[in-house]
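Asks: Build me a structure from this.
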Amino acid sequence: MTAGEESRIDERLPLVIGWSAALLVGQGLFLQLVNAGPSVGYQHLPNVRHLLDTQPLRLGLYAAYVAVVAMGAGRCLRRSRAHPVSLPRGLALVLIAVFGSSAALSASPWTYLLESTSLLVVELVALANVLLIAVTIPRPIATRLGAASARWLGDPSPERSAQGSWRWAVGPAAVVAVVSLLLALTVYQGRPHIPDEVAFYLQAKYFAHGLLWMPAPAVPTGFDVDLMTIDGARWFSAMPPGWPAVLAIGMALGIPWAVNPLFGALNIVLAYATLRLIVPQRTARLATLLLALSPWHGFLAMSYMSHTFSLTLALAAGLAMAHVWRGGSPWWCLVGGGAIGLASVNRPLEGVALALVFGAVALLFLLQRRQLLPGVLLAIGTLLTGALGLGYNAALTGHPLTFPVEEYFRRVYGVGRYEIGFGPTRGLGWPGLDPIPGHGVVDVLINAQLNLFQVNTELFGWACGSLGVVVLILVQGRVRGVERFMLLSILVVVGLHSFFWFSGGPDYGARYWSLIIVPCAVLAACAIRTIEGADVTRSGRVLAAVGALSISTLATFYPWRAVDKYDHYRGMSADGGALLANTPAAQGGLILVSGRRFPDFASMASYNPVDVGVGPGTILAWDRDAATRTALLATHRARPVWRLLAPKDSNGTWSLHGPFRADSTASWLPFPEGPTN
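Replies: Below you'll find the model as predicted:
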């Protein structure tokens with residue numbers, strides 16, 4: 001290296017560090033301006049007038065950041081006039097896709113267009129910041145980065161088959177396990193936070209005791225929990241049994257909060273083990289890293305939702321089919337089919353999606369290779385394990401094709417409201433989440449836009465948006481076999497869920513589309529590989545840009561989303577349980593939980609034993625009204641009675657009162673004012 005090159009490196013390194021710091025500061029400032037919060041609703045960027053009234057300092061600092069980036073970009077453009085840069089093909093389509101997914105729909109079209117325009121500008125500013133990082137890196141350092149990446153990720157020269165062991169993915173998998181475990185124990189407090197999770201948790205608890213249902217409580221109104229059915233002497237969850245059956249293992253070991261994080265880590269290993277068989281090594285490793293750093297995947301792995309396990313089953317099926325595709329034994333298809341069948345037991349519609357996607361692969365075996373056995377084995381494996389779900393349905397509803405969740409929603413909301421399909425009766429009337437009554441073409445478009453917005457926001461958590469790099473490879477005019485398969489997978493998942501009236505809501509990203517996380521990561525990796533080309537120096541610059549975006553995600557988006565949204569999400573918390581645990585005198589008593597059905601009683605319901613009748617253990621019941629209280633006191637006369645009062649606001653604390661005598665009248669403490677839904 002000459003003295004002149006060393007001098008240029010010394011001059012540019014502070015600029016690289018400065019632009020990298022600016023990206024962190026810019027994304028951090030912007031996220032503080034966004035209105036998200038722990039309630040049910042899509043995040044939005046308030047208008048400028050509101051921000052000037054409420055956050056003038058942050059808005060001013062962000063405006064200064066925009067000005068600095070604009071000046072830096074202008075200076076860079078002036079210097080590069082002598083070296084014109086060719087823009088990628090299809091850039092206009094990429095911009096249109098990013099614009100359409102930059103903001104969630106609003107009631108007013110003009111508000112949506114204004115917010116989308118503002119957010120597109122925000123993303124373009126961040127992209128300019130990232131490009132400044134890339135072009136400012138001194139050439140020798142960029143070359144070294146490219147060479148180092150070749151050793152770790154694979155040679156960026158012309159495509160070649162993947163090499164090396166699946167063990168490469170253990171490091172990224174360990175990162176996912178640690179991050180999601182920390183989130184599960186700190187932010188999530190190790191407890192369920194939305195109604196689906198509460199039902200899953202209770203279901204896993206009685207599964208862990210070897211039961212298909214719990215004994216029904218003597219006073220049903222005192223144990224009214226969403227998505228739980230009381231049918232005569234039986235009390236059971238309406239949710240599909242696949243995920244709770246696996247969660248029950250963690251429940252039996254006393255670590256239910258660790259199950260999803262471990263599956264999240266397993267997904268990383270399975271993803272790489274699969275991709276290394278069907279794409280070049282560098283593409284496989286880039287896609288695996290993108291998946292490992294994805295907030296969408298990470299926060300699902302923190303939760304008690306069933307989507308992470310669905311992805312595990314999808315990847316297991318993919319790995320089996322990839323082995324057969326590469327010339328392995330067709331009996332792998334039996335394993336793949338078994339995973340697909342279990343996916344149908346876990347999330348039925350996703351099982352159908354996987355059957356269609358991998359059924360297409362089996363059809364290719366028949367048409368291109370004249371092999372019938374793979375398709376037959378795939379079907380047999382699917383039917384064998386899928387029959388478990390049918391047997392479960394028959395045991396609970398009396399008919400193998402009638403799902404407990406369908407029965408629940410028919411009973412609570414009426415016939416024809418929850419079912420898949422189109423028509424004026426579809427939907428449960430949830431304002432803001434299902435804005436138009438019924439389900440039709442307009443609803444499909446609205447749901448698709450809401451989910452695309454969440455994919456753009458949470459897939460990678462990048463300041464410049466996540467969707468652009470996914471779309472880029474699809475508009476290059478050279479989509480190959482693997483990219484076509486990934487696109488097919490996305491279209492099948494999205495298309496099938498278009499038949500359902502609900503988009504999935506704002507919980508954990510576009511969770512109904514969660515199976516597309518891996519295809520999106522693969523398409524993004526393919527796009528990055530296209531931008532890199534075979535030049536080592538260019539590769540170093542591209543990876544520096546991607547690395548800067550990902551570091552900013554870890555440093556700003558992850559903490560912001562964790563604290564701003566998922567801390568005491570939807571009002572749920574473990575604070576009441578902690579108070580009980582620190583009050584030994586209340587153990588074994590009847591705890592009357594005063595507050596709303598959700599989130600107050602729902603926060604405490606999962607602490608109940610499997611039998612809330614006369615068995616041992618502390619009983620937590622909803623202090624719903626005078627009649628319910630009187631019946632509870634009469635049923636549990638032998639127990640000391642305590643009253644647990646939920647906080648009246650998000651900043652309040654739980655309080656425990658008692659003990660009281662079980663034979664006291666129902667008037668020994670007044671009921672709280674307000675609704676008790």
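
Asks: what mean pLDDT does the helix or strand containing H297 have?
Replies: Using DSSP states H and E, H297 maps to helix 295-302. The average pLDDT within helix 295-302 is 98.

Asks: If you count contacts, what does that helix end up packed against?
Replies: Packing partners of helix 295-302 (3 or more CB pairs under 8 Å, 6 or more residues apart in numbering; DSSP states H and E): helix 170-185, helix 259-275, helix 307-325, helix 441-458, helix 558-561. For glycine as for every other residue, the C-beta is placed from the backbone atoms N, C-alpha and C.

Asks: May I see the buried residues of the longest helix along the chain?
Replies: The longest helix of the chain (DSSP state H) is helix 3-33. For helix 3-33, a neighbour-count test (16 or more other CB atoms under 10 Å) marks 9, 12, 15-16, 19-20, 22-31, 33 as buried.

Asks: Following the chain onward from that helix, which element is next?
Replies: Counting by DSSP H and E, what follows helix 3-33 is helix 48-54.

Asks: buried ones in that next one?
Replies: L51.

Asks: Can you name every helix or strand that that helix contacts?
Replies: helix 56-79.

Asks: quick one: which of the helices and strands packed on helix 295-302 is nearest N651?
Replies: Taking CB to CB, helix 558-561 is the member of those nearest to N651, at 19.7 Å.

Asks: rewinding a little: in a markdown table: the helices and strands packed on helix 295-302, plus mean neighbour count and distance to R538.
Replies: Formatted as a markdown table, the helices and strands packed on helix 295-302 follow (neighbours: other CB atoms under 10 Å; distance: least, CB to CB, whole Å):
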| stretch | mean neighbour count | distance to R538 |
| --- | --- | --- |
| helix 170-185 | 19 | 24 |
| helix 259-275 | 25 | 23 |
| helix 307-325 | 25 | 30 |
| helix 441-458 | 20 | 26 |
| helix 558-561 | 18 | 29 |
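
Asks: quick one: which of those is nearest G481?
Replies: That would be, of the helices and strands packed on helix 295-302 and by CB to CB, helix 307-325, which comes in at 10.5 Å.

Asks: Helix, strand, or coil at I230?
Replies: Three-state call for I230 (DSSP: H, G, I helix; E, B strand; the rest coil): strand.

Asks: For it, list the residues it contacts.
Replies: By CB atoms under 8 Å, 6 or more residues apart in numbering, I230 lies in contact with 216-217, 220, 223.

Asks: Return the member of the residues you listed nearest to L145.
Replies: F223 (59.3 Å).

Asks: was I right about that closest one contacting P215?
Replies: No. Taking contacts as CB atoms under 8 Å, F223 lies outside contact range of P215: 11.1 Å.

Asks: More neighbours: which of these two?
Replies: F223 (24 against 16; other CB atoms under 10 Å).

Asks: And for V335, nearest residue in space, chain neighbours not counted?
Replies: A320 (4.4 Å; CB to CB, 6 or more residues apart in numbering).

Asks: Pull out the buried residues from the contacts of I230.
Replies: Here, 16+ other CB under 10 Å leaves 216-217, 223 buried among those.

Asks: With distance to G154 and pLDDT added, can I get these in CSV?
Replies: Listed next are those as CSV, based on distance: CB to CB, whole Å; pLDDT from 0 to 100:
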residue, distance to G154, pLDDT
A216, 58, 96
P217, 59, 96
F223, 56, 97
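
Asks: for those residues, which one is nearest L293?
Replies: F223 (41.5 Å).

Asks: now the angle from the longest helix of the chain to helix 56-79?
Replies: Interaxial angle, helix 3-33 versus helix 56-79 (axes from the mean of the first three to the mean of the last three CA atoms, to 10 degrees): 150 degrees.

Asks: related to what we said a few turns ago, give me every residue that touches the residue nearest to V335.
Replies: 332-333, 335-336, 339.

Asks: can you put the residues you listed in TSV and add secondary structure?
Replies: Listed next are the contacts of A320 as TSV, based on three-state DSSP:
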residue	secondary structure
W332	helix
C333	helix
V335	helix
G336	helix
A339	helix
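
Asks: Just list the residues touching L59, thanks.
Replies: 33, 48, 51-52.

Asks: repeat that for 6 Å
Replies: L51 (CB atoms under 6 Å, 6 or more residues apart in numbering).

Asks: Can you give me the distance of it to Y65?
Replies: L59 sits 11 Å away from Y65, going by CB to CB, to the nearest Å.

Asks: go on, G318?
Replies: On the measure of CB to CB, G318 and Y65 end up 42 Å apart.

Asks: Could you look up the SS state of the nearest residue in space to N608 that is not next to it in sequence?
Replies: Distance criterion CB to CB, 6+ apart; nearest residue to N608, sequence neighbours excluded, is L620 at 5.4 Å. Secondary structure, three-state DSSP: L620 is strand.

Asks: I'd like to know how many residues surround L620.
Replies: Counted with other CB under 10 Å, residues neighbouring L620 total 26.

Asks: is it in a bridge, and if so with what?
Replies: I591 (DSSP bridges).

Asks: What pLDDT is listed against it?
Replies: At L620, pLDDT is 97.

Asks: any chance you could map the helices in the stretch 501-650 of the chain?
Replies: Secondary structure of the stretch 501-650 of the chain (DSSP state H, counting those that start in this stretch): helices located at 517-532, 536-552, 558-561, 575-581, 602-605, 626-635.

Asks: Brilliant, that's me finished.
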